[in-house]
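# got a predicted structure plus its sequence, pasted below:
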Amino acid sequence: MSLLIRQLQVSLTQQSILTNQASALLQRVTSSLPAPLCRLAPTNERHYRTMPTHGIGRWKYLLPKEVPRKKRDKLQMKPIRGSTATEYGSLSVKVSGYDMTVVEHYSQYIHNLCNRLGVRVAESYALPTKSTEVMLMQEQGTKMYIDALLKTHERIVQISSMTATLCPTFMDVVLQNQPEGVQLSVKEHVERDFLERFKARPQLEGLMAQVNQRD
Amino acid sequence: QYTIFVEEHCLTRQSPWSNTVLTLHTSAPLRAEPKKKKKVDPKREHVARERLKKRLKKLEKVPPELIPIEDFITPTKCLDEARGRSEPRLPFEESERRALLLKEWSRFKHAQHTAEMEAINLALDAQREALEELKIESEELYKAAIKPDPLVFPFSHEGPCYTPPKPKYDAPDGKYHDITKVYTQ
């Protein structure tokens, strides 16, 4: 029995010595080769992101960013606000007159005043000019002759919201600085005013009428 | 061979292949029957409607254009190079005088502007104090004071004029003719 046990022990120790030697050999082998090649990489990781030459060929990030040029989109209307308990809703301040420079300067003044007082301005645009022909009756006879051509220029400053407490002061200042020959009118902004700026489309309207008639 | 009965009760023997343009081709069942509706009609109407809708969709895709404003288009007369003239050469005193005048004017406008801003601020402060006092007095009145006035708008006001209108002025007869160009897309 003891002989057998001693034999087993010897064989075991021999085996252990052998395995130790083998593992030592393996370690030496692995240390000699470059590390990444031998390492088992997981499937979703790429080798070269850790290399110092990563991203060596990139150049597009150096170019200035180009905004993609798209076709002129439909001019969106800024949302019209209604009046609340403390503020007025969307208002449009219309300045109209025969003298363009005066009208423009006055509208600019109103815009600057709004910016100073903290009133939010939605848009500031011009309406198409209206030409009026003044025809006078001839002294002798019934014929009319053209006397003058008057052009009415209009500028609109669209305010999105204004506190009711600020309104009287604002109106006071604006009226005090009103120049000669300029008519000021303040009213609520409606969608119809926005649609007035666009060209009339008789074709589209005709087709719409036809389609509605059919139905 | 078959016989055709005409309104005048005369028998005429005609072959079925001849053109019966002059004689009225009527028979008892045909006279009573209403006009037959063609099977193709609703389909044709449907097709026509689809065509209309397609055209409408195409037109709707095109965004509406803004009316061009004549103010912002320089007339071709002004772009003519030959109309330009060189700046006049001013004497030293004149240019000095002009520069000093500009400085005076800017000083005056600045003073005007500061005075205006001060007046506005004073008015707003006074208003704020008054509203605070009112709030202490009664909530309801304060809320009513803050509410926007619906009767204010629409509001319009004409600017002042250099000379007031003459009391008894006989204007010549005439009329205003609106010749604004109407743009269609």
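Structure received. Residues are numbered from 1 along each chain as shown, chains lettered A, B, ... in the order given.

# chain A: helices as residue ranges?
For chain A, the helices defined by DSSP state H occupy A:2-32, A:35-38, A:100-117, A:167-176, A:191-196, A:202-214.

# buried sites along the fifth one?
Neighbour-count burial for helix A:191-196 flags A:193-194 (criterion: 16 or more other CB atoms under 10 Å in any protein chain shown). The C-beta positions use only the backbone N, C-alpha and C, and glycine is treated the same way.

# contacts for that helix?
The contact list for helix A:191-196 (CB atoms under 8 Å, 6 or more residues apart in numbering or on different chains) reads A:77, A:80, A:92, A:127.

# thought residue A:164 was touching residue B:152, still the case?
No - judged on CB atoms under 8 Å, residue B:152 makes no contact with residue A:164 at a distance of 9.4 Å.

# ramachandran angles for residue B:157?
phi -150, psi 140 (degrees, to the nearest 10).

# close to chain A, is the helix or strand containing residue B:52?
If you go by DSSP states H and E, residue B:52 is part of helix B:41-61. Yes - Helix B:41-61 comes into contact with chain A (CB under 8 Å from any CB of the partner chain), by way of B:49, B:52-53, B:55-56, B:59-60.

# turn the buried ones among these into a named PyMOL selection, would you?
The buried subset of the residues of helix B:41-61 next to chain A, as determined by 16+ other CB under 10 Å, is captured in PyMOL by this line:
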select buried, chain B and resi 56+59
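
# including distance to residue B:138 and pLDDT, could the residues of helix B:41-61 next to chain A go into JSON lines?
Below are these laid out as JSON lines (distance: CB to CB, whole Å; pLDDT from 0 to 100):
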{"residue": "B:49", "distance to residue B:138": "65", "pLDDT": "86"}
{"residue": "B:52", "distance to residue B:138": "64", "pLDDT": "87"}
{"residue": "B:53", "distance to residue B:138": "62", "pLDDT": "88"}
{"residue": "B:55", "distance to residue B:138": "64", "pLDDT": "88"}
{"residue": "B:56", "distance to residue B:138": "59", "pLDDT": "88"}
{"residue": "B:59", "distance to residue B:138": "59", "pLDDT": "87"}
{"residue": "B:60", "distance to residue B:138": "56", "pLDDT": "86"}
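
# now render the residues of helix B:41-61 next to chain A as TSV, adding distance to residue B:89.
Below are the residues of helix B:41-61 next to chain A laid out as TSV (distance: CB to CB, whole Å):
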residue	distance to residue B:89
B:49	76
B:52	71
B:53	71
B:55	66
B:56	66
B:59	61
B:60	62
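
# can you pull up the most central residue in chain B?
For chain B, the residue nearest the mean C-alpha position is residue B:67 (8.6 Å; CA atoms, centre = their mean).

# just give the closest residue to that residue, not the sequence neighbours.
Leaving out its chain neighbours, the residue that sits closest to residue B:67 by CB to CB, 6 or more residues apart in numbering or on different chains is residue A:128, at 4.7 Å.

# neighbour count winner among residue B:152 and residue A:164?
residue A:164 (18 against 15; other CB atoms under 10 Å in any protein chain shown).

# can you read off the pLDDT for the more buried one?
Listed pLDDT for residue A:164 reads 89.

# I appreciate the help and will end here.
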